[in-house]
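A.B. asks: Attaching a predicted model along with its sequence, questions to come.
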Amino acid sequence: MSYHEAIHSTTILGLRHRGTAVLAGDGQVTYGDMVLKTKARKVRKLYHDQVLAGFAGGAADAFTLFDRFEAKLEEFNGNLARAAVELAKDWRMDRYLRRLDAQLVVLNKEKIFLLSGTGDLIEPDDPVIAIGTGGPFALAAARALIKHTNLSAVEIVKESMEIAANICIFTNSKLSIETLE
């Protein structure tokens, strides 16, 4: 299974809008063409509830990365950018971490990043990012809603994830949503 194939079965959408940071993940877990779980939690709050993190890819790998990322947040006193850079460096350099098959979206009220298994660290131009199979659908919907509506950050995320769930067969509408006000 290639890295690209492994990120099926999820949609994670993060955004910052009007002073609120929101991260949502659908609940579907698939194995091949079979749904194994419909209410998985793929998003969580980290570092004294000041940082949001969500994953696409292998769950066990993602939990390992959550632990490593949380340790970096502790080491750098909650500095999201520094923790993300250091995790990306470790991910790229460490033989064990390089084998982990996941992507992370991490954000707080000031910054948003995508970290990948290739050691990439990307800060998008706009304050919205999505990963997983349904990610492009959720991202397009969120960008349009930010630009053309007066919806709140949470409303934008819910609507965008619903749109993705209606299009992507690897995404469902059983959402886990975390916010930072």
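C.D. replies: On my side now, so go ahead. Predicted model, so just to flag it, every value in this text is computed and none were measured.
A.B. asks: chain center to the strand or helix carrying Leu52: distance?
C.D. replies: Element membership of Leu52 [criterion: DSSP states H and E] is strand 51-57. Centroid separation between strand 51-57 and its chain, computed with Cα atoms, centre = their mean, to the nearest Å, is 4 Å.
A.B. asks: what's the angle from the next helix-or-strand element following it to strand 51-57?
C.D. replies: Using DSSP H and E, the helix or strand that directly follows strand 51-57 along the chain is helix 59-75. Helix 59-75 runs at 160 degrees relative to strand 51-57, counting by axes from the mean of the first three to the mean of the last three Cα atoms, to 10 degrees.
A.B. asks: Show me which parts of helix 59-75 are buried, residue by residue.
C.D. replies: Within helix 59-75, the residues that count as buried by 16 or more other Cβ atoms under 10 Å are Asp61, Ala62, Leu65, Phe66, Arg68, Phe69, Glu70, Lys72, Leu73. Every C-beta, even on glycine, is put in place using the N, C-alpha and C of the backbone.
A.B. asks: Kindly state the pLDDT recorded for the fifth one?
C.D. replies: Looking back up the chat, that one is Arg68. Note for Arg68: predicted pLDDT of 88.
A.B. asks: just the buried residues of helix 59-75 now: which is nearest Ala164?
C.D. replies: For the buried residues of helix 59-75, the minimum distance to Ala164 (Cβ to Cβ) is 19.2 Å, reached by Ala62.
A.B. asks: what's the closest residue to that closest one other than its chain neighbours in contact with, if anything?
C.D. replies: Distance criterion Cβ to Cβ, 6 or more residues apart in numbering; nearest residue to Ala62, sequence neighbours excluded, is Phe55 at 3.5 Å. By Cβ atoms under 8 Å, 6 or more residues apart in numbering, the residues touching Phe55 are Thr10, Ile12, Gly25, Lys42, Ala62, Leu65, Phe66, Ala102, Gln103, Leu104, Val105.
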